[in-house]
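Colleague: Predicted coordinates and the sequence they were generated for:
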Amino acid sequence: MISVEEARAKVLAGIRPVGAEQVSVMQAGGRVLAEPVAARVSHPPVDVSAMDGYAVRAADVATAPAKLALQGESAAGRPYDGTLRPGCTVRIFTGAQIPAGADAVIMQEDAARDGEAVEFRVVPRVGQHIRRAGLDFAAGQTLLEPGRLLTARDVGLIAATNVPWVLVKRRPRVAILSTGDEIKMPGDPLAPAQIIGSNGLALVAFVEALGGEAILLGTALDTMVSLQAMLAGARGADLLLTSGGASVGDYDLVKDAIGAGMALDFYKVAMRPGKPLMFGRMGEMPVLGLPGNPVSALVCAEMFLGPAMRRMLGLAAEVRTVSAVLGRDLPANDLRQDHLRASLAHDEAGRLIAMPFDTQDSAMLASLARADALLIRPPHAPAATAGDPVRVIPLGV
Ligand code: AMP
Ligand code: MG
């Protein structure tokens, strides 16, 4: 048995980054940028008004009240094409170009229109309510760097730079094979002793949430013939995930089935849940063999699949942990690193309290769904008391 850290290092060492592809900005949210994005336009493109009001020469309103003659109008997208004359004002709206000659905008709440004249009740500051050309960004300026996971805000920014497409990392293709004579799909008729195979679908959701493309291969029976036939479907994937068939029972054949073409890197990790985890490669393709127990499978996904996918995408691969305060006493731990399902809540003092659930059976999927975090108990951790500092992995996906 190897440690969680050793196992993760081996998985990451066996993973190669994916290439890049061009997509429309419309498809760019949640993708990882693969080239810098430089603005093709300045924003704003010209000096514009930040208010609905009147463009003036500040010197014409050196004292208030002051009356100026209305000379014309500048609306967003329809600029006034003349020059503001001394003693005059141009009606202006938010986003409209500042006319030549004007150096301030007075908002309409501080003005009173009287036919063809406008009276101003305040003295403006030069430059007031004017957004200068390029205030936000200038044409040619690099705004986003490669390696960034694009948010909706980034997509808005890219669109505003008049860049219609971007180069992003290709979605890692992850093939998923469930195993087990007892496994059925949701909605299938169930014979006694058959169960719904939840792992495949949970892993699809996990892979897609992390920016991958999941290929659900289906379920293999616990025979070498069936396993090998189904494994053929993974051809061309960036990563193969299997679930189940990984322990030491008579029907746990995944290791042997893959074994024919697989170089096994490790099998068994000192962790709970999730001991029977394996990693190797079939030809060029890395294979992560997850345990069948649903909680073990998903905890291993969090601990190994997440980092593997982030590495493929060129993102920081570490598992993110935060510090919290233990909510109740815990006994000493054995040699396996424990990952306890826990709730997170702030107490009155603002401390983040991690409360491990009472039962931690690795078949209990409902409590995993309810958990906010996995509380880490390192190997051989001594007994702990409520109030002790702990590290937790917040569960997102
Ligand atoms: P195994 O590793 O095949 O011995 O499976 C361990 C436990 O996980 C058994 O109780 C299986 O029925 C269960 N199991 C295996 N695969 C799945 C799956 N895809 N979904 C839910 N439970 C599973
Ligand atoms: Mg099985």
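Modeller: Cool, got the structure. Ligands and ions are numbered 1, 2, ... in the order given.
Colleague: From now on I want contacts and neighbour counts done on CA atoms only, so please keep to that.
Modeller: OK.
Colleague: just the helices in this structure please.
Modeller: 4-13, 152-160, 198-209, 224-231, 254-259, 294-300, 306-312, 365-370 (DSSP state H).
Colleague: Distance to ligand 2, mean pLDDT and mean neighbour count for those helices - can I get that in a markdown table?
Modeller: Shown next, in a markdown table, are the helices of the chain (distance: least, Cα to the ion, whole Å; pLDDT from 0 to 100; neighbours: other Cα atoms under 10 Å):
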| stretch | distance to ligand 2 | mean pLDDT | mean neighbour count |
| --- | --- | --- | --- |
| helix 4-13 | 23 | 96 | 18 |
| helix 152-160 | 41 | 98 | 16 |
| helix 198-209 | 12 | 98 | 20 |
| helix 224-231 | 12 | 93 | 16 |
| helix 254-259 | 9 | 80 | 18 |
| helix 294-300 | 11 | 96 | 26 |
| helix 306-312 | 23 | 98 | 24 |
| helix 365-370 | 17 | 96 | 15 |
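Colleague: Let me have those in TSV, extended by distance to ligand 1.
Modeller: TSV is the format used below for the helices of the chain (distance: least, Cα to the nearest ligand atom, whole Å):
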stretch	distance to ligand 1
helix 4-13	19
helix 152-160	34
helix 198-209	4
helix 224-231	12
helix 254-259	9
helix 294-300	5
helix 306-312	19
helix 365-370	9
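Colleague: who wins for proximity to Pro378 among those?
Modeller: helix 4-13 (9.7 Å; Cα to Cα).
Colleague: The closest residue to ligand 2 within the stretch 51-200 of the chain: what's it in contact with?
Modeller: Per Cα to the ion, the residue of the stretch 51-200 of the chain with the smallest distance to ligand 2 is Gly180, at 4.2 Å. Gly180 is in contact with Thr219, Ala220, Leu221, Asp222, Gly244, Gly245, counting by Cα atoms under 8 Å, 6 or more residues apart in numbering.
Colleague: try Tyr54
Modeller: Thr89, Val90, Arg91, Ile92, Phe93, Val105, Ile106, Met107, Gln108.
Colleague: who's in contact with the closest residue to it other than its chain neighbours?
Modeller: Nearest non-adjacent residue to Tyr54, counting by Cα to Cα, 6 or more residues apart in numbering: Arg91, 4.6 Å away. For Arg91, the contacting residues are Gly53, Tyr54, Ala55, Leu70, Gln71, Gly72, Glu73, Ser74, by Cα under 8 Å, 6+ apart.
Colleague: repeat for Ser362
Modeller: So Ser362 contacts Pro273, Asn293, Pro294, Val295, Ser296 (Cα under 8 Å, 6+ apart).
Colleague: Any residues of the chain in contact with ligand 2? List them.
Modeller: Gly180, Gly244, Gly245 (Cα under 5 Å from the ion).
Colleague: how much space between the last one and Ala263?
Modeller: Gly245 sits 18 Å away from Ala263, going by Cα to Cα, to the nearest Å.
Colleague: ok, how many other residues are close to the residue of the stretch 1-150 of the chain found nearest ligand 1?
Modeller: Scanning the stretch 1-150 of the chain for the residue nearest ligand 1 gives Met1, at 17.0 Å (criterion: Cα to the nearest ligand atom). Met1 sits with 15 neighbouring residues when counted by other Cα atoms under 10 Å.
Colleague: No more questions from me, cheers.
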